[in-house]
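>>> Fold the stuff below for me.
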Amino acid sequence: MQIYRLKKDYKDHKKGAKFLLISHSEFIGVKEFVLQTQDLKQKVLVSDQELKSHFVFLNEKKSFVQEL
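A predicted model of the protein is given here:
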């Protein structure tokens with residue numbers, strides 16, 4: 001499971017918040033990603049451009065149960 005951190009405030013989320021990548025899709029060259037907050041309460045749908053400009057990749061966990 002891939003983990004991302006916010007570079008700057010985005011919508012209702014503060015800089016530094018951690019997100020889990022739970023889904024990604026591509027249709028005719030348009031990429032979309034679904035990220036879920038670390039506390040598993042909210043989901044955010046972002047485009048490829050938003051992911052690159054607002055989030056930074058931290059690491060990849062092999063199991064969801066491992067501590068974030």
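>>> who touches Phe57 in this structure?
By Cβ atoms under 8 Å, 6 or more residues apart in numbering, the contact list for Phe57 reads 2-4. In short, each C-beta sits where N, CA and C put it, glycine included.
>>> Please type out the ChimeraX selection for whichever of those turn out to be buried.
Selecting the buried subset of the contacts of Phe57 in ChimeraX, with 16 or more other Cβ atoms under 10 Å as the burial test, is done by:
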select :3,4
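>>> What is the nearest of the contacts of Phe57 to Gln38?
Closest approach to Gln38 among the contacts of Phe57 (Cβ to Cβ): Ile3, at 8.3 Å.
>>> buried sites along the lowest-mean-pLDDT helix or strand in the chain?
Between all helices and strands in the chain, the lowest mean by mean pLDDT, DSSP states H and E belongs to strand 55-60, at a mean of 88. Neighbour counts using 16+ other Cβ under 10 Å place Phe55 of strand 55-60 among the buried residues.
>>> circling back to that earlier point, any chance of the contacts of Phe57 in CSV, with distance to Asn59 too?
Output for these, formatted as CSV (distance: Cβ to Cβ, whole Å):
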residue, distance to Asn59
Gln2, 8
Ile3, 6
Tyr4, 10
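>>> Just name the closest of the contacts of Phe57 to Glu60, please.
For those, the nearest to Glu60 is Gln2 (5.1 Å; Cβ to Cβ).
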